[in-house]
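Novice: structure for the following, please:
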Amino acid sequence: MANRLAHATSPYLLQHQDNPVDWWEWGPEALDEAARRDVPILLSVGYAACHWCH
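Specialist: Residues are numbered from 1 along each chain as shown. I've put the predicted structure just below:
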């Protein structure tokens with residue numbers, strides 16, 4: 001199940017394109033949607049570890 005990140009250009013974001021979460025990239029569309037729905041934004045800071053580290 002691909003989400004909105006399937007079309008991202010960031011290698012980090014592409015790692016999460018098949019997560020079962022409706023992720024949005026940071027930008028005006030995400031901010032507008034959160035305001036429209038009156039919901040908070042949960043922000044990922046972009047941490048990813050290599051396979052040697054975990």
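
Novice: please point out which parts of the helix or strand of the chain with the lowest mean pLDDT sit buried.
Specialist: Here the helix or strand of the chain ranked lowest by mean pLDDT, DSSP states H and E is helix 11-14, holding a mean of 86. Using 16 or more other Cβ atoms under 10 Å as the test for burial, helix 11-14 gives L13. Backbone N, C-alpha and C define where each C-beta goes, glycine included.

Novice: on contacts alone, who are the packing partners of it?
Specialist: If you count contacts as 3 or more Cβ pairs under 8 Å, 6 or more residues apart in numbering; DSSP states H and E, helix 11-14 packs onto no helix or strand.

Novice: next secondary structure element downstream of that helix?
Specialist: helix 28-37 (DSSP states H and E).

Novice: I'd like the average pLDDT over that following helix.
Specialist: For helix 28-37, the mean pLDDT works out to 95.

Novice: from D38, how far out is the spatially most central residue of the chain?
Specialist: In the chain, the residue lying closest to the centroid (Cα atoms, centre = their mean) is W23, at 3.9 Å. Look at W23 and D38: by Cβ to Cβ, to the nearest Å, they are 20 Å apart.

Novice: how about the contacts made by the closest residue to L13 other than its chain neighbours?
Specialist: The shortest distance from L13 to any non-neighbouring residue, by Cβ to Cβ, 6 or more residues apart in numbering, is to L5 (4.7 Å). Contacts of L5 were listed using Cβ atoms under 8 Å, 6 or more residues apart in numbering, and they are L13, L14, H16, Q17, N19, W23, E25.

Novice: my guess is the first one meets E25, correct?
Specialist: Yes - applying Cβ atoms under 8 Å as the test, L13 and E25 come out as touching, 6.4 Å apart.

Novice: and R37, how close does it get to H16?
Specialist: For R37 relative to H16 (Cβ to Cβ), the value is 21 Å.
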